[in-house]
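Undergrad: predicted model and sequence below, questions to follow.
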Amino acid sequence: MKNIKGFLLIKYIFLFLIFSCSSPDRLLKSAIEDEKKNRYDKAEQKYLTLIVKFPHSRDVVEAKYRLGLIYKDIMKDYAQAIMWFSDIIKNHQDSEFYKPAEVGILESPDYIGALDNNSVILGDVETGGKNMKIVNEFDKIDFDLYKCICKLYAGEKLVRQEIKFYLKTSQEIREYDVNPKMSKEKNLKYSIVFRLPVEAGTKWVTKKEDKEVIYTIVAKDIRVKLKNHEFNNCVKILETYKGQEGIRYLYYAAGKGCIKIATSSVKKPNQEFSVLELIE
């Protein structure tokens, strides 16, 4: 909270006189209207003024949440976005914005690629996808739920298609074979495909196709150079199936998803062989 107050104090000095006569309700409505007209700087100023000048208003939590969204989606300032979402989680547990704030942290940025209208196409490295490619197409169903159509091609022929659902909850992203919000089945099976914090050493164990899998974040903020693309601020995750010698490294780009898959072995983990890369 000290960082938040210090950050606000500097901006508030310049904004106090401008909005000193406004009520919290009017500030909120005016800021939302500014957002609709893509006037994000003005919206940011009004949200900050509301938060500092009316700290006990019922509109404060929504102002914090919308401010977090501006930093996440518009300014791509993920540190500021996380700061505001974390403030909601810490200080407003009973708010309707509590769960959306948790999702906001998972999307600051999203590494899995579970984002509305996002498409990720991976192709075999040897032929650039001419022999084999995987297409994942994401669509948003709810604020925390995404549907993904997964297609496998051999050449131009579609050989397999399946649907997955990704639920963003608390500190992790879960993958389901059916829509978890529509299913009546208790104890619905899922795999954990990503978990916070995004730090080297973060590890989790999950089930995938009835097999135990261990995921470990081995590196963050790395640069990944592909044949036709280059990405910064990537995360490298080790995937290990219990009892198997072979391992995989999954490379994820912020705001895009999996951009590279490489294979290796437990005996020689530093010897990687790229098998799939982003081609479009």
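TA: Cool, the structure landed.

Undergrad: which residues touch residue 189?
TA: Shown in contact with residue 189 (Cβ atoms under 8 Å, 6 or more residues apart in numbering): 176-177, 207. Every residue, glycine included, has its C-beta placed from N, CA and C.

Undergrad: what about the strands in the stretch 51-200 of the chain?
TA: Ranges of strands within the stretch 51-200 of the chain are 119-124, 132-142, 145-154, 157-169, 172-176, 191-195, based on DSSP state E, counting those that start in this stretch.

Undergrad: looking at the contacts of residue 189, state which has the most neighbours.
TA: Highest neighbour count within the contacts of residue 189, by other Cβ atoms under 10 Å: residue 176, with 18 neighbours.

Undergrad: from residue 188, how far off is that residue?
TA: Distance of residue 176 to residue 188, given as Cβ to Cβ, to the nearest Å: 7 Å.

Undergrad: check residue 211 too.
TA: 18 Å.

Undergrad: and if you look at residue 229?
TA: Distance, residue 229 to residue 188, using Cβ to Cβ: 36 Å.

Undergrad: ok, which of the strands of the stretch 51-200 of the chain comes nearest residue 261?
TA: strand 119-124 (7.0 Å; Cβ to Cβ).

Undergrad: mind listing what's buried along the closest one?
TA: Residues 120-124 are the ones in strand 119-124 that count as buried (16 or more other Cβ atoms under 10 Å).

Undergrad: equivalent analysis for stretch 72-92, please.
TA: 72, 78, 80-89, 92.

Undergrad: for the contacts of residue 189, which one is nearest residue 46?
TA: Nearest to residue 46 among the contacts of residue 189, with distances taken as Cβ to Cβ, is residue 176, at 39.2 Å.

Undergrad: is it true that the closest one touches residue 163?
TA: No - applying Cβ atoms under 8 Å as the test, residue 176 and residue 163 come out as separate, 9.7 Å apart.

Undergrad: for the most centrally placed residue in the chain, give me its contacts.
TA: The chain has residue 110 as the residue nearest its centroid, 1.9 Å off, counting by Cα atoms, centre = their mean. Contact analysis of residue 110 by Cβ under 8 Å, 6+ apart lists 254-255, 257.
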